[in-house]
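Undergrad: Here you go, sequence then predicted model.
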Amino acid sequence: MDPLIQLALMGLLSVAAAGLAWRAIRLKHRLEWSERDRRRAADELNRRLSELFSLQELSYILSGSLQLERIVEQVVRYTMRFLDARGALLALALDGEGGGGSGRSMLQVAAAEGVLAPLARRAIGSDDAGLVARSLTSDRLELVRDPSGAPTTLVAGLAVGSAAAVPLRAHGALVGTLVIADPRDGAFPPEDVRLLSTVATHAAIVIANARFFEHVRHAKEQWETAFDSLSEGIAVVDEAGRVRRANRSLATMLGVPIPGVIGRDLGEALLGPSSALPGLLAAVRQGGGAQPLVVRSSALGGGGGGGGRGGRTLRVNAARIPVPAADQSVVVLVEDVTDQQAMEAHLIQSEKLAAVGQLVSGVAHELNNPLTSIAGLSEFLLEQKELGTKDRGHLRVIHEQADRAGRIVRNLLTFAHKGPAEQAPVDLNDVIQRTLILMSYDLKLKDVTIEKHLAPLPAVLGDRRALQQVVLNLLNNAAQAVTTNPPGRPQVIHLSTWFDDRVRLRVADTGPGIPDDVLPQLFTPFFTTKEPGQGTGLGLSITYSIVEAHGGRITVERPSDGGAAFLVDLPAAPAAAAAAPRKTPEPQAAPAVKRTILLVDDDPAVRRMVKALFGREGHSVEVARSGQHALDLARTRGYDLILADAQAPARDRLFVEQLVETQPDLRDRVLVGLGEVPPPAEKALARLGVRYVRKPFNLRDLRDEAARVWAAATLS
């Protein structure tokens with residue numbers, strides 16, 4: 001072969017070999033690049049799969065819990081793991097987007113890990129210049145890293161190398177902010193930013209739901225607490241009237257635990273065999289404005305002072321629950337108004353008695369002086385020896401009727417009186433024992449048995465005579481009631497006392513009881529069921545007034561086995577109350593010396609009677625024209641007795657008040673004729689401590705009190 005050709009062929013082969021080598025090298029390089037890309041893609045895929053699995057794990061954890069504290073802790077922990085960061089925190093918004101005023105807290109760090117752990121539970125104000133507070137005003141993720149290497153401030157007093165903050169928003173509302181500090185390599189590559197945004201979006205929704213659940217749970221707890229703490233009974237009933245839900249008060253009212261109420265027919269449980277409640281529920285379901293039902297329940301226990309024969313008075317109201325029309329549930333409110341009705345009746349009775357008392361007080365005052373003169377002058381004439389038998393009989397009738405009218409007036413004044421006349425410690429048991437001795441003969445004649453159980457009692461502060469009148473009136477009423485019993489029914493009065501927080505007296509009888517139509521009028525003045533002439537109808541009204549004047553209360557009960565029971569409760573006397581009795585000189589025999597008497601009274605008949613009485617006994621009676629005239633006479637002359645009407649005026653004050661204040665040495669010589677006086681005058685007389693005789697008085701009363709004045713003056 002030609003050497004040139006051979007050389008050319010060898011050149012071509014060399015070129016071909018070189019091309020093949022170059023191509024092999026290129027192919028090798030391509031294979032190496034492809035392997036690197038494949039490995040890079042595999043690494044990226046593995047990383048994304050790992051992130052996906054981690055996100056799935058986080059999602060599973062978050063969706064499996066509604067506890068806000070656990071949710072925020074898991075979000076912070078997983079975010080640190082995803083980004084390989086040195087710290088993370090999640091702060092919840094308090095006041096909503098935009099924060100509040102300067103210095104006002106608007107963020108609360110709910111969870112923090114790593115280098116940010118010291119910020120846990122910290123409140124961040126709107127005036128903080130750090131990244132955490134600033135992120136609330138941003139709508140998207142914010143990355144912060146100073147190129148110069150200067151630290152990034154998260155909150156006042158804490159800075160990091162680099163950080164990212166993403167606001168958490170759900171349903172258009174700001175929930176909080178998620179902050180990551182110092183990730184790996186100090187940078188946030190795009191894939192980490194995307195991951196952080198994904199975590200933040202999911203976390204915001206879950207946190208918003210958890211917070212909403214917390215609000216609902218808290219509201220439910222508040223509602224249940226209020227539902228169970230109400231004093232009124234509440235029930236939710238279905239279309240058949242059965243209880244679906246009930247509170248503690250209703251269960252207590254029915255006397256069973258709450259589970260025992262569920263499923264029961266509410267109408268039957270409350271009212272027994274009554275159609276009242278089903279009718280109310282039907283009216284409510286039809287959309288009508290049903291009025292509350294007030295009814296006496298025979299199914300519930302009795303007791304109290306309501307005056308009924310057992311059972312309780314209930315006010316029942318109902319309203320339909322605003323739910324779909326297919327649900328006929330109704331909420332029922334049950335109030336026990338037994339005590340309220342008793343109190344209202346008590347207040348009405350008090351107002352009624354107060355109105356009648358004002359009228360009675362005025363009438364009694366006007367009757368006092370005429371009755372005083374009639375009784376006194378008729379008694380004065382009866383003492384005349386020269387009277388004929390027939391005239392003496394007529395005068396005796398006049399005197400007896402005047403005395404009877406006087407007792408009625410005294411009862412009226414007792415009824416109208418606003419407070420006890422005296423204030424001294426009184427043993428109520430002793431009052432009862434003495435009253436029973438006083439009534440023993442009458443009770444024996446009527447064949448009435450007294451069963452008494454008197455427990456030891458503290459003293460009460462008041463007027464002994466008035467309290468004896470209370471016991472006497474109650475025993476008289478009870479005795480009259482049992483004497484009407486049919487043959488075979490016992491005639492017994494049960495009398496008992498005890499002390500808990502009050503001193504209590506109970507007088508119960510086995511009589512026929514109190515009819516329903518009589519009960520509301522029981523304490524009304526002049527109301528009586530007795531025959532004409534057998535009673536004035538003042539006994540119980542006077543008793544009521546006396547008990548009230550002593551700070552007590554009287555109620556009536558009607559036991560289920562018949563009869564009636566009156567319960568009186570009184571406050572115990574203070575421990576420091578003085579028990580020393582007032583020393584009153586006893587009246588002595590007619591004086592051997594003649595006395596000078598100053599009379600101050602504007603009623604001519606009373607003046608005539610007083611002058612006739614003391615004038616016949618040889619005393620000198622001088623009548624003052626007015627209170628001022630009497631003051632002038634008392635300053636210039638000496639008197640053994642100054643007899644004055646309690647309301648006699650001297651200028652703009654009471655005569656007695658002016659006399660004692662200007663001449664205190666005459667206080668023991670003053671005797672006041674006391675009728676019904678206004679409260680200011682009564683207080684003034686009580687302060688002065690002068691002696692008194694109550695109008696209408698008879699000659700014996702007047703003589704005895706005058707003798708006591710003279711005896712006291714002799715002792716002094």
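TA: Everything's here; your move.
Undergrad: what sits against Pro456?
TA: 429, 499 (C-beta atoms under 8 Å, 6 or more residues apart in numbering). Any C-beta I mention is one placed from the backbone N, CA and C, and that applies to glycine too.
Undergrad: Please identify the buried residues of stretch 689-702?
TA: 690-699, 701-702 (16 or more other C-beta atoms under 10 Å).
Undergrad: Residues touching that stretch, excluding its own?
TA: Stretch 689-702 is contacted by residues 367-369, 371-372, 375-376, 379-380, 383, 402-403, 405-406, 409-410, 413, 610, 613, 646, 656, 660, 667, 670-675, 685, 705, 708-709 when judged by C-beta under 8 Å, 6+ apart.
Undergrad: My read is that Leu643 contacts Leu671, right?
TA: Yes: if you go by C-beta atoms under 8 Å, Leu643 and Leu671 touch, sitting 5.1 Å apart.
Undergrad: re earlier: can you tell me which of the contacts of stretch 689-702 are in strands?
TA: Judged by DSSP state E, the contacts of stretch 689-702 include 670-674 as members of strands.
Undergrad: Just give me the closest of those to Asp516.
TA: Leu674 (41.6 Å; C-beta to C-beta).
Undergrad: gap between Ala466 and His619?
TA: 34 Å (C-beta to C-beta, to the nearest Å).
Undergrad: Between the two, point out the one with more neighbours.
TA: When Ala466 and His619 are compared for neighbours, Ala466 comes out ahead with 22 against 19, by other C-beta atoms under 10 Å.
Undergrad: Pro664 versus the more buried one, what's the distance?
TA: 30 Å.
Undergrad: on that earlier part again, turn the ones in strands among the contacts of stretch 689-702 into JSON lines, columns for neighbour count.
TA: As requested, the ones in strands among the contacts of stretch 689-702 are exported to JSON lines (neighbours: other C-beta atoms under 10 Å):
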{"residue": "Val670", "neighbour count": "25"}
{"residue": "Leu671", "neighbour count": "21"}
{"residue": "Val672", "neighbour count": "26"}
{"residue": "Gly673", "neighbour count": "27"}
{"residue": "Leu674", "neighbour count": "22"}
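Undergrad: Nearest to Asp561 among the residues you listed?
TA: When those are compared for distance to Asp561 (C-beta to C-beta), Leu674 wins out at 46.4 Å.
Undergrad: which residues in the stretch 551-700 of the chain form helices?
TA: Taking DSSP state H, counting those that start in this stretch, the helices of the stretch 551-700 of the chain run over residues 604-616, 627-636, 655-662, 679-688, 699-715.
Undergrad: got a list of what Leu281 touches?
TA: Contact partners of Leu281, counting by C-beta under 8 Å, 6+ apart, are 237, 241, 267, 318, 330, 332.
Undergrad: residues of stretch 240-257 that come out buried?
TA: So, applying 16+ other C-beta under 10 Å, buried residues of stretch 240-257: 241-243, 246-251, 253-254.
Undergrad: Tell me which two of the residues you listed sit farthest apart.
TA: Greatest spatial distance among the buried residues of stretch 240-257 (C-beta to C-beta): Gly241 and Arg248, at 20.9 Å.
Undergrad: on that earlier part again, list buried residues within the contacts of stretch 689-702.
TA: For the contacts of stretch 689-702, a neighbour count by 16+ other C-beta under 10 Å gives the buried set as 367-369, 371-372, 375-376, 379-380, 402-403, 405-406, 409-410, 413, 610, 613, 646, 656, 660, 667, 670-675, 685, 705, 708-709.
Undergrad: before we move on, the earlier item: report the set of residues contacting both of Leu643 and Leu671.
TA: Counting by C-beta under 8 Å, 6+ apart, the contacts common to Leu643 and Leu671 are Ala706.
Undergrad: Just say helix, strand or coil for the most centrally placed residue in the chain.
TA: The centroid of the chain falls nearest to Ser231 when counting by C-alpha atoms, centre = their mean (10.8 Å). Secondary structure, DSSP: H, G, I helix; E, B strand; the rest coil: Ser231 is coil.
Undergrad: That one and Ser249 touch, don't they?
TA: Yes: counting by C-beta under 8 Å, Ser231 touches Ser249, with 5.8 Å between them.
Undergrad: any common contacting residues for the two?
TA: Counting by C-beta under 8 Å, 6+ apart, nothing touches both Ser231 and Ser249.
Undergrad: Report the beta-bridge partner residues of Gly87.
TA: Under the criterion DSSP bridges, Gly87 forms beta bridges with Gly114, Ala181.
Undergrad: gap between it and Gly388?
TA: In this view, Gly87 and Gly388 are 128 Å apart by C-beta to C-beta.
Undergrad: which one of the helices of the stretch 551-700 of the chain is the most hemmed in?
TA: Greatest average neighbour count among the helices of the stretch 551-700 of the chain goes to helix 655-662 (a mean of 20), per mean count of other C-beta atoms under 10 Å.
Undergrad: tell me how far that one is from the chain's mean position?
TA: Taking C-alpha atoms, centre = their mean, to the nearest Å, one finds the center of helix 655-662 at 47 Å from the center of the full chain.
Undergrad: As PDB, could you dump the C-alpha coordinates of it?
TA: Taking C-alpha atoms only, helix 655-662 is exported to PDB below (Å, rounded to 0.1, in the frame of the first residue of the first chain):
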ATOM      1  CA  PHE A 655     -95.900  72.500 129.500                       C
ATOM      2  CA  VAL A 656     -94.400  69.600 131.400                       C
ATOM      3  CA  GLU A 657     -91.200  69.700 129.400                       C
ATOM      4  CA  GLN A 658     -90.700  73.400 130.100                       C
ATOM      5  CA  LEU A 659     -91.600  73.100 133.800                       C
ATOM      6  CA  VAL A 660     -89.100  70.300 134.500                       C
ATOM      7  CA  GLU A 661     -86.300  71.900 132.500                       C
ATOM      8  CA  THR A 662     -86.700  75.300 134.100                       C
END
